[in-house]
Every structure is written in C-alpha cells, then in structure tokens.
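Asker: Provide a 3D model corresponding to the input given below.
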Amino acid sequence: MYDYIVIGAGSAGAVLASRLSEDPAVQVCLLEAGGPDDSVLIHCPAGLALMTRMRSINWGFETVPQPGLDGRRGYQPRGRVLGGSSSINAMIYIRGQRQDYDAWAAEGNPGWSFDEVLPYFKRAEHNERGGDELHGSSGPLNVMDLCDPNRHTAAFIEAGRQAGHAINPDFNGLDQEGIGPYQVTHRNGERCSAAKAYLTPHRGRANLHVLTSAQATRILFEGRRAIGVEYRQGGALRQVRAHREVLLAAGALQSPQLLMLSGVGPGAHLQRHGVAVVHDLPGVGRNLHDHIDVVQVVDAPHLKDLFGLSLSAAWQAIGSARRWRDERRGPYTTNFAEAGGFLRSGPDAATPDMQLHFVIGKLVDHGRKTVFGHGYSCHVCLLRPRSRGTLELASTDPMAAPRIDPNFLGDADDVQRMVRAVRVMRHILSQPALRALGGRELATSANLQTDADIERWVRRYADTVYHPVGTCRMGNGPMDVVDSQLRVHGLQGLRVVDASIMPHIVSGNTNAPVIMIGEKAVDMIQAAARTA
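Answerer: Numbering: from 1, shown residues only. Predicted coordinates:
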C-alpha cells in the first residue's frame, strides 16, 4: 500500500515522484516499463543520434498509413527508460508562447494562463544565464547554452538575419519570434533529463520506491474509484495499491491506451475489444495532434567538422569520444539541432506559426536512414496544426502497441501553411552566409518551384517532430477527459499528468511544458490531500 502510485517515469512522472516524496510521511511508488538510464548514449548528448532506432530504450511505435502522407506510416519514437522521452530527445528547452496557455485558460481551464503557469516553469528551471522575471535559477532542471557549438551554426543564424529576420538570443523571453541558438537541458556536458534532474539525486529516499521493467497492464477500480495498478514484471503479474491517488503519466500515446485497457474510454470501442466498461468516457484517445515536420538536406562533403559517416569522421570520433570522456567538452556535447527559429509563414499569422531546427548533419528520413558523407539539414514544422486524429486500442494485449492515427495534413489549412513555411525556410537556406559554405541540396528537394511541387515533396517526406499531445484533453466539454485539476471526469482517485492533457499543442518543443505540468500537478495533489 502506497499513498501515490505514479505510472511512467518520464518528464511528468519523474517530477511527480520526486516532489511528492519530499514529504517523508508520504509513500510513493513509481512504475517504469523500461529500465534504468545507465547507457552512456543517454548521458552523452550526441548519443541521441543512435537512440532513435534502439528498441531497448525506445518504444519505436508507428502510425497507421497516413492518407495525407501518400499512405506512408509515420514513426513515433517514445522513451522506454527512466526519464522517458527526456532521455532520448534533442534536449531543446522551449516553453511555447504566452498565447498558448492563455487559450487553455480561456477555454474553461482556470489556473492555466501563462501568468499562472510561469511560476512552475521557474520552479523547475536552473538557467545558467541567471534568474529574472521569466527564468528560474534554483530549480533541478539545468538549462544552459551549448558549451561547444559547431562553428557552422553561426552561418545559419547569419543567414536568418540576411533573410530579414530578427536575431533572438532567448526564445523563452518576452518575444519568441526570430532566429537564434537553442538553450539545452545539459549539465556539465551531459544530458539533464527529467530522471537526472528529479530522480537520480533522491533515489536514496526511503519513501520513494522506483520499480523498473514494470509494465502497467491496467488500473484497478472499486466502483468508480481507482485503488491501484496491476503491472507485469519479470514475467509475473503483480499489484500495488494506492491509499490516495493513482497518477497516470505514461504519455500522450500510452496514457489513453492504459485507460482503455482499464475500461475507461469510448464504450462502444471498448466493447468491440471485449473490455468491460468501467466508465464510458468518449474523449479518451481523441484530439491526437502533433507537429508535422519536413527536412531539407544539403550535402557538403568538404565540411569534415559537420557530423557524418566517412573515414575522416571515424578518426575524429575517437578523439571526440576521448575528449567527452575526460573533459565533458567537444563535439560530442552537441544536441545536433543547435539553432533554429520561430517565424510567421505569412502575414495572416498573428504570432509565429512555424519552427526551424538547424541540424549539423545530414538527416534523411528523420534520422531513420543511415547516410554517408557530411552536410547539414533544416527542419520546418507547423506549430499549431488544425488536423486531429485518434489513438485507439489495436489489441487488448497491454504489451501491444496502440493504433496511432495523427491524421497528418488532414486539414487543408495545414497543407497551405506548410507550403508557405517551406518557402520561408528555403529563402533562409539560400542566403549568402550558407551559400558560402558550399554544398549541394539533395535531389529530392533541389528542383522545388511551384506550390504543387512543394506540396508533393511535403506529402512524400514529412513526418512527426516527436510531439504528440491531446489524447486526454483538459476541459469541461463532452469530449474532454480531465478537469482543470487533471482529475479524470466521473472517477475518483485518478489523474492524468502528461502531454495528453493539452487542449491544444504548445508552439514549440513539448518537454519543458510537460515538466511544468508535473510541477503544477504536485501543488494540486498536495492541496487535495490537505483538505481530504
């Protein structure tokens, strides 16, 4: 028997387990389906290049065929390890725009405006630039400038200036718009994941019980109250009980899956799979959306200090590995996407509606294909897509992947804005600062001229930039799953705390916002315990 059971040790789950266990009178059990975060590839920032295909620490899900992407299946990597996706991501620290959170509050979610969530961002953050009215300096999550950025990253930033865009040194400042370097969640040349920030320093607490390789199979109920969790570990089914609450933090793809496996979700869908309905909640698994993204690649074989596969790179890799091992400095401290920008795809966009990630290597098929040689790449993604998809059960086997359908480019407005965003990106990449580097654009995109050309290219090569959200939407409507306190509608003792609760996706990378959600949820949970 525990006071709280947290399902999932990712960005939100690590926060919940750490903060709740600060009270020595509270017993916390944290269940993580993956293993410990002891791989050097996790802690060495450049190791992310190898982790997108490592199934030992990555669920490696796929979508159903996407009509908007010429019938292709999209790739959905998710962390399967302590720290969750914060242990395999590109470590970019972005909050989004003020308007994102103000819109959440305006839709009937009190407490979620930007001014109300800002203290939780600051509580989490230790920014090495120092604290101010917008930044924290004493939180567990270390945020810093890259210690050894690639010299060619500056050429991208200069190209943005040459294209007429403002240079922005802080995308989490008063104004997000512009081109500039990304800050990253690193500490001393290593990845600072949610696990590293929130769990590692406190694993010795007697009241914090972390169970790894423990796959939750269903939430246990007595009537409408969640009382525990069944999980599989070492081939055996086991159970843990919660005296106060079960906190579901398995992410936008697996939180709704576990709810449905437990009998909470669209009744007809559950019945078709033979799942006994505990609570007919039609919004579970609906409202799935994500940042659709496409990548332009430039081959530059003469630029040997850009990352790539070649004989010279092999020799450089040995030296770089030794320097990282001995000093925690050098090329292996890169997050690859070292700079980027938040821009408007057209004059009708009230705020930036597109994001760029400049990558110091050739990124083909979003990193799923091995390519030889050296070069650079640029992502462009749509920040606020209108397309909405679904997450459903594919099987009642808890170990099976869910049926993931983001419905990419299902809305015509997304297609039009994506075409415009690609033109903005290509204008930047054509500026003298980058042309001076030499290189040749890959043939897949080199001859794009018309909007129709760009649309065909996008449909053929676009995919996620790894930010699924929305499947347990927060709100008070008939298709909403949790209220503004993150309590599941119609049930007791159960909250969802992760990216699935976002009514609308934030305008940027989702890791920092999910950590904020975890921090804010802790205050809600503790307030409820005091009044119980």
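Asker: Give me the local confidence score for Ala436.
Answerer: Predicted confidence (pLDDT) for Ala436: 97.
Asker: Pull the number of nearby residues for it.
Answerer: 10 (other C-beta atoms under 10 Å). C-betas here are computed from N, CA, C, even on glycine.
Asker: Ile360 now?
Answerer: 27.
Asker: try the one 4 residues further on
Answerer: By the other C-beta under 10 Å criterion, the neighbourhood of Val364 contains 17 residues.
Asker: Distance check, it against Tyr4.
Answerer: Between Val364 and Tyr4 the distance is 44 Å, computed by C-beta to C-beta, to the nearest Å.
Asker: I'd like the next helix or strand past the helix or strand containing Val6.
Answerer: Secondary-structure assignment from DSSP states H and E places Val6 in strand 2-7. Next helix or strand after strand 2-7 toward the C-terminus (DSSP H and E): helix 11-20.
Asker: re earlier: from the contact counts, what lies against the strand holding Val6?
Answerer: Counting contacts by 3 or more C-beta pairs under 8 Å, 6 or more residues apart in numbering; DSSP states H and E, strand 2-7 is packed against helix 11-20, strand 28-31, strand 225-233, strand 236-248.
Asker: So which of these is nearest Ser507?
Answerer: helix 11-20 (17.9 Å; C-beta to C-beta).
Asker: For the closest residue to Arg244 other than its chain neighbours, give its distance to Val229.
Answerer: Take Arg244 and drop its neighbours on the chain: the residue closest to it by C-beta to C-beta, 6 or more residues apart in numbering is Asp3, 4.7 Å away. Computed as C-beta to C-beta, the Asp3 to Val229 distance reads 13 Å.
Asker: shared neighbours, the two?
Answerer: Ala242 (C-beta atoms under 8 Å, 6 or more residues apart in numbering).
Asker: So if I had to pick from these two, which one is more boxed in?
Answerer: Val229 (26 against 19).
Asker: give me every residue that touches the more buried one.
Answerer: 5, 7, 31, 216, 218-220, 239-240, 242, 246.
Asker: would you list these in TSV and tack on neighbour count?
Answerer: Below are the contacts of Val229 laid out as TSV (neighbours: other C-beta atoms under 10 Å):
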residue	neighbour count
Ile5	32
Ile7	28
Leu31	26
Ala216	24
Arg218	22
Ile219	26
Leu220	17
Gln239	12
Val240	19
Ala242	25
Val246	29
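Asker: Spell out the secondary structure type for Glu519.
Answerer: Classification of Glu519 by DSSP: H, G, I helix; E, B strand; the rest coil places it in helix.
Asker: Now for it, how many residues are close by?
Answerer: 26.
Asker: Now for it: which residues touch it?
Answerer: 15, 19, 120-121, 123-124.
Asker: give me that answer again for 6 Å
Answerer: When contacts are counted by C-beta atoms under 6 Å, 6 or more residues apart in numbering, Glu519 touches 15, 120, 123-124.
Asker: Now do the least confident helix or strand in the chain by mean pLDDT: everything it contacts.
Answerer: Least confident helix or strand of the chain, by mean pLDDT, DSSP states H and E, is strand 308-309 with a mean of 78. Applying C-beta under 6 Å, 6+ apart, the set of residues contacting strand 308-309 from outside is 361, 372-374.
Asker: Least confident of the residues you listed?
Answerer: Phe372 (79).
Asker: For that residue, which non-adjacent residue is closest in space?
Answerer: Closest to Phe372 by C-beta to C-beta, 6+ apart is Leu309, at 4.7 Å.
Asker: What's opposite the one you found in the beta bridge?
Answerer: Gly373 (DSSP bridges).
Asker: any idea how far it is from Ser395?
Answerer: Counting by C-beta to C-beta - Leu309 and Ser395 are separated by 38 Å.
Asker: Wait, Val371 touches Gly361, no?
Answerer: No - using C-beta atoms under 6 Å, Val371 makes no contact with Gly361, being 8.9 Å away.
Asker: More neighbours: those two, which one.
Answerer: Each of Val371 and Gly361 has its neighbours counted (other C-beta under 10 Å); Gly361 has more, 23 against 17.
Asker: partners of that one in the sheet?
Answerer: Beta-bridge partners of Gly361, counted by DSSP bridges, are Phe307.
Asker: ranges for the helices of the stretch 401-532 of the chain?
Answerer: For the stretch 401-532 of the chain, helices defined by DSSP state H, counting those that start in this stretch occupy the ranges 412-429, 432-435, 443-446, 451-461, 511-531.
Asker: could these be laid out in TSV, adding distance to Arg473?
Answerer: Below are these laid out as TSV (distance: least, C-beta to C-beta, whole Å):
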stretch	distance to Arg473
helix 412-429	19
helix 432-435	41
helix 443-446	35
helix 451-461	27
helix 511-531	13
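Asker: Tell me which of these lies nearest to Ala90.
Answerer: Comparing those by their distance to Ala90 (C-beta to C-beta), the top pick is helix 511-531, with 9.1 Å.
Asker: just the angle between that closest one and strand 236-248, please?
Answerer: Computed by axes from the mean of the first three to the mean of the last three C-alpha atoms, to 10 degrees, the angle separating helix 511-531 from strand 236-248 equals 90 degrees.
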